[in-house]
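Student: Build me a model from this:
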Amino acid sequence: MNKVEIFNQTAEDILELKKVNEVLVYAMKKEKLENTSFNVIIVDNDFIHELNKKYRGIDRETDVITFALEDDDSLIVGGEERILGDIYISIDKARSQAKEYGHSFMREICFLAVHGFYHLLGYDHMTEEEEKVMFSKQEEVLSDCEITR
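Tutor: Alright, predicted model coming up:
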């Protein structure tokens, strides 16, 4: 059975997290994953800034950071469950980017979650071709779940 755990480490009550969970469960099914789990942790700009500085050497906040367990070949996770890792999303950046891009907060937080999910699966957007593949997968999931701009 697939499982997404969402942890809200902010003081806000974020009603949209239910939909985020639904979208991620759908994405897992679409990717034909079984017995797979990962975490989504909602944090503020200060927290994600520290993560970005410590683990990426970038001294500023960002919108989403993923820690994929499968990136490290020396890490062996036992059992039958596939554990992908953690997705950290800045609630502050999600809100400001929704305004900046002119779409809903629901759209932005779902986008960031799905974006992080595909990073956990090993997708990236460092080249134009990689970006095309990853972004088309993201948009397909969001469109199927009726999360529009």
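Student: CA only for contacts and neighbour counts going forward, please
Tutor: Noted.
Student: Give the closest residue to V64 in space, chain neighbours not counted.
Tutor: I89 (4.5 Å; C-alpha to C-alpha, 6 or more residues apart in numbering).
Student: okay, that neighbour: pLDDT?
Tutor: Confidence at I89, expressed as pLDDT, is 98.
Student: Tell me the secondary structure of it, please.
Tutor: Classification of I89 using DSSP: H, G, I helix; E, B strand; the rest coil returns strand.
Student: Can I take it that G85 is in a strand?
Tutor: Yes: using three-state DSSP, the assignment for G85 is a strand.
Student: Can you report how many residues lie near it?
Tutor: By the other C-alpha atoms under 10 Å criterion, the neighbourhood of G85 contains 18 residues.
Student: With the one 4 residues further on instead?
Tutor: Using other C-alpha under 10 Å, the number of residues around I89 comes to 26.
Student: My read is that it contacts D46, right?
Tutor: No: with contact defined as C-alpha atoms under 8 Å, I89 does not reach D46; the gap is 11.6 Å.
Student: quick one: the residue nearest to V64 from K32, how far?
Tutor: Distance of I89 to K32, given as C-alpha to C-alpha, to the nearest Å: 24 Å.
Student: Check G85 too.
Tutor: 18 Å.
Student: Report the beta-bridge partner residues of the residue nearest to V64.
Tutor: I42, V64 (DSSP bridges).
Student: got the residue ranges for the helices in this structure?
Tutor: 17-30, 45-56, 91-101, 105-120, 128-144 (DSSP state H).
Student: Dump those helices to a markdown table, plus distance to E81 and mean neighbour count.
Tutor: A markdown table is the format used below for the helices of the chain (distance: least, C-alpha to C-alpha, whole Å; neighbours: other C-alpha atoms under 10 Å):
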| stretch | distance to E81 | mean neighbour count |
| --- | --- | --- |
| helix 17-30 | 14 | 17 |
| helix 45-56 | 26 | 16 |
| helix 91-101 | 29 | 17 |
| helix 105-120 | 15 | 22 |
| helix 128-144 | 23 | 15 |
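Student: Any idea which of these gets closest to A68?
Tutor: helix 105-120 (4.9 Å; C-alpha to C-alpha).
Student: got the angle between the closest one and helix 17-30?
Tutor: Angle, helix 105-120 to helix 17-30, by axes from the mean of the first three to the mean of the last three C-alpha atoms, to 10 degrees: 40 degrees.
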